[in-house]
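Participant: Fold the stuff below for me.
(2 chains)
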Amino acid sequence: AQSVAQPEDQVNVAEGNPLTVKCTYSVSGNPYLFWYVQYPNRGLQFLLKYITGDNLVKGSYGFEAEFNKSQTSFHLKKPSALVSDSALYFCAVRAVTGGFKTIFGAGTRLFVKA
Amino acid sequence: DGGITQSPKYLFRKEGQNVTLSCEQNLNHDAMYWYRQDPGQGLRLIYYSQIVNDFQKGDIAEGYSVSREKKESFPLTVTSAQKNPTAFYLCASTVDFGGRTTDTQYFGPGTRLTVL
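Facilitator: Below you'll find the model as predicted:
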């Protein structure tokens, strides 16, 4: 069965510091992996995705994520956090074959302090 | 601008009433989805539609119903059979269903439903 784990309910960082939001997954076969961001009372916005190729994926707003097959992880990173990055972040996974469903993690709330 | 719209933004329902949440997209996407979001639980799939005049139950379909009479519209009805309907409801679409080319989901702004 597919699953996604975001082990941290909340991440706190100071503005200007690097940030990491963790995600691990379980899926049969190769995965499609996604990160989405949600601002208060809004829908989710796509940040980036990994389909195949380079393990380091660059996305919107300076975010990037690294696909690590051996650790089944897809951590979201940014070299220098902004206060405006404060939001709820969701990791999602879909198996390349054998199913259509995208599974979302429970979300990690990021607080960036000025 | 292309995108997904949901209405209303806030909806209040009395117990025993059915309510319908609107979802419209002008992205020309084939597939559409309804999710429910509760605090700390991520998104749970209610219903999905691969194409016009077709829809399938997701993980938590009980107490909900949908229709897909037009490509751009996928309304969700929350019936009185849904025991705990207070939640944030999100509609989404993808270019196609289970496609290899892109699985990026485009989300509407959501509807917050509160049962009084």
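Participant: So for A:Pro7, what pLDDT did the model give?
Facilitator: pLDDT, A:Pro7: 96.
Participant: so who does it touch?
Facilitator: Counting by Cβ atoms under 8 Å, 6 or more residues apart in numbering or on different chains, A:Pro7 makes contact with A:Lys22, A:Thr24. To be clear about C-beta, it is placed using only N, CA and C from the backbone, and glycine gets the same treatment.
Participant: hmm, try it at 10 Å
Facilitator: Counting by Cβ atoms under 10 Å, 6 or more residues apart in numbering or on different chains, A:Pro7 makes contact with A:Val21, A:Lys22, A:Cys23, A:Thr24, A:Gly105, A:Ala106, A:Thr108.
Participant: Which strand or helix spans the most centrally placed residue in chain B?
Facilitator: Most central in chain B under Cα atoms, centre = their mean is B:Trp34, positioned 2.6 Å from the mean C-alpha point. If you go by DSSP states H and E, B:Trp34 is part of strand B:31-37.
Participant: next one: A:Leu110
Facilitator: Secondary structure from DSSP H and E places A:Leu110 in strand A:108-113.
Participant: Just grab the bridge partners of the nearest residue to A:Ser73 once chain neighbours are set aside for me.
Facilitator: Spatially, and ignoring its direct neighbours in sequence, A:Ser73 is nearest to A:Thr24 (5.0 Å; Cβ to Cβ, 6 or more residues apart in numbering or on different chains). Beta-bridge partners for A:Thr24, by DSSP bridges, are A:Ala5, A:Ser73.
Participant: can you pull the pLDDT of A:Thr24?
Facilitator: Predicted confidence (pLDDT) for A:Thr24: 97.
Participant: Please report how far it lies from chain B.
Facilitator: Distance, A:Thr24 to chain B, by Cβ to the nearest Cβ, to the nearest Å: 14 Å.
Participant: Return the distance of that residue relative to A:Lys69.
Facilitator: Distance, A:Thr24 to A:Lys69, using Cβ to Cβ, to the nearest Å: 12 Å.
Participant: With B:Asp30 instead?
Facilitator: With Cβ to Cβ as the criterion, B:Asp30 and A:Lys69 are 31 Å apart.
Participant: didn't A:Ile103 look like it was pressed against A:Ser3?
Facilitator: Yes. With contact defined as Cβ atoms under 10 Å, A:Ile103 reaches A:Ser3; the gap is 6.4 Å.
Participant: Overlap in contacts, the two.
Facilitator: A:Tyr25, A:Ser26, A:Val27, A:Val93.
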